[in-house]
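K.L.:
predicted model follows, preceded by the sequence.
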Amino acid sequence: MISFVVPAHDEEALIEHTLACLRAAAEPTGRPYEVVVVDDASSDRTAAIAWAAGARVVYVAHRQISATRNTGARAANGDVLFFVDADTVVEPPTLAAALAALDAGAAGGGAMIRFDGAVPLHGRVFEHVVSPLFRLAGLAAGCFVFCTRAAFEGAGGFREDVFAAEEVWMSLGLRRQGRFVVLPQRVITSGRKMRAYSAREMLVLLAAIVLRPARLRDREHLGLWYQRRGDTVTPLIDRGT
């Protein structure tokens with residue numbers, strides 16, 4: 001069985017479309033699947049929308065993406081795990097390519113990304129430069145990670161002593177379990193952070209983390225990941241780029 005694990009915090013604006021797209025991608029595979037939404041202390045209608053969409057909802061109050069994903073994995077029944085953020089769309093070709101990689105013996109993998117809607121220059125640089133570099137380095141973007149359950153357990157799950165960049169350690173851990181592939185196909189993820197934060201702000205934050213990695217252990221220093229600004233939420237659609 002395929003288990004889609006979807007961590008979510010206050011995602012009522014996007015989660016319905018995300019789940020509908022997961023169903024549209026999973027149905028053509030002919031494989032049994034389930035969707036587990038892990039509602040992490042939402043104050044909006046995220047959980048109700050997920051229930052109405054047919055997902056199983058697990059409630060937590062971690063406010064930490066790693067712990068939330070790990071809880072979802074423990075609650076899931078599948079022998080194949082897909083960790084998909086609530087603001088990310090997986091299209092049928094991408095899911096099919098991921099399953100083909102697993103069927104061919106891969107332990108896990110990820111995909112390149114494309115942002116929804118219009119994004120500023122630094123967002124386009126991330127799409128067209130940073131995302132390919134991640135693929136070259138064999139690292140998955142955090143919004144979409146897949147693996148076998150055996151590889152997930154062998155890697156020890158997502159690190160719960162950090163509040164960001166957990167996908168880097170997960171990628172490295174899965175690589176120790178077997179072949180790890182970053183697909184050339186892309187998932188569509190929200191560009192709201194790119195629209196809400198300037199390039200300077202992002203560079204300052206990343207430089208601070210490089211100079212003091214211990215900041216990854218403190219959520220208070222990681223507003224980019226854990227605090228919402230008055231950003232623009234747009235429908236998760238393909239811009240055709």
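P.N.:
Looks like it came in fine.
K.L.:
ranges for the helices of this structure?
P.N.:
In the chain, helices defined by DSSP state H lie at 15-26, 46-52, 65-75, 92-103, 121-125, 131-137, 149-155, 166-175, 192-196, 199-211, 223-226, listed in chain order.
K.L.:
point out where the chain drops to low pLDDT.
P.N.:
When residues are selected by pLDDT under 70, those of the chain lie in 163, 202, 204-212, 214-215, 217-219, 221-241.
K.L.:
partners of the lengthiest strand in it, with directions?
P.N.:
As assigned by DSSP state E, the longest strand anywhere in the chain is strand 180-189. Applying DSSP bridges, strand 180-189 is found paired with strand 88-89 (antiparallel), strand 108-115 (parallel).
K.L.:
including distance to residue 183, could these go into JSON lines?
P.N.:
All C-beta atoms are positioned from the backbone trio N, CA, C, and that covers glycine. Output for the strands paired with strand 180-189, formatted as JSON lines (distance: least, CB to CB, whole Å):
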{"stretch": "strand 88-89", "distance to residue 183": "14"}
{"stretch": "strand 108-115", "distance to residue 183": "4"}
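K.L.:
need these in TSV (columns: mean neighbour count and distance to residue 133).
P.N.:
Conversion of these to TSV gives the following (neighbours: other CB atoms under 10 Å; distance: least, CB to CB, whole Å):
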stretch	mean neighbour count	distance to residue 133
strand 88-89	26	20
strand 108-115	24	10
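K.L.:
among these, which comes closest to residue 165?
P.N.:
With CB to CB as the measure, strand 108-115 is the member of those nearest residue 165 (13.9 Å).
K.L.:
related to what we said a few turns ago, adding distance to residue 3 and mean neighbour count, write the helices of the chain out as CSV.
P.N.:
Listed next are these as CSV, based on distance: least, CB to CB, whole Å; neighbours: other CB atoms under 10 Å:
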stretch, distance to residue 3, mean neighbour count
helix 15-26, 11, 20
helix 46-52, 15, 19
helix 65-75, 8, 22
helix 92-103, 13, 18
helix 121-125, 31, 15
helix 131-137, 24, 15
helix 149-155, 8, 18
helix 166-175, 16, 21
helix 192-196, 27, 19
helix 199-211, 31, 12
helix 223-226, 24, 15
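K.L.:
was I right about residue 102 contacting residue 149?
P.N.:
No. The criterion here is CB atoms under 8 Å, and residue 102 misses it with residue 149 at 10.9 Å.
K.L.:
what do these two both touch?
P.N.:
residue 80 (CB atoms under 8 Å, 6 or more residues apart in numbering).
K.L.:
what residue is smack in the middle of this protein?
P.N.:
residue 143 (1.8 Å; CA atoms, centre = their mean).
K.L.:
that residue and residue 49, how far apart?
P.N.:
In this view, residue 143 and residue 49 are 19 Å apart by CB to CB, to the nearest Å.
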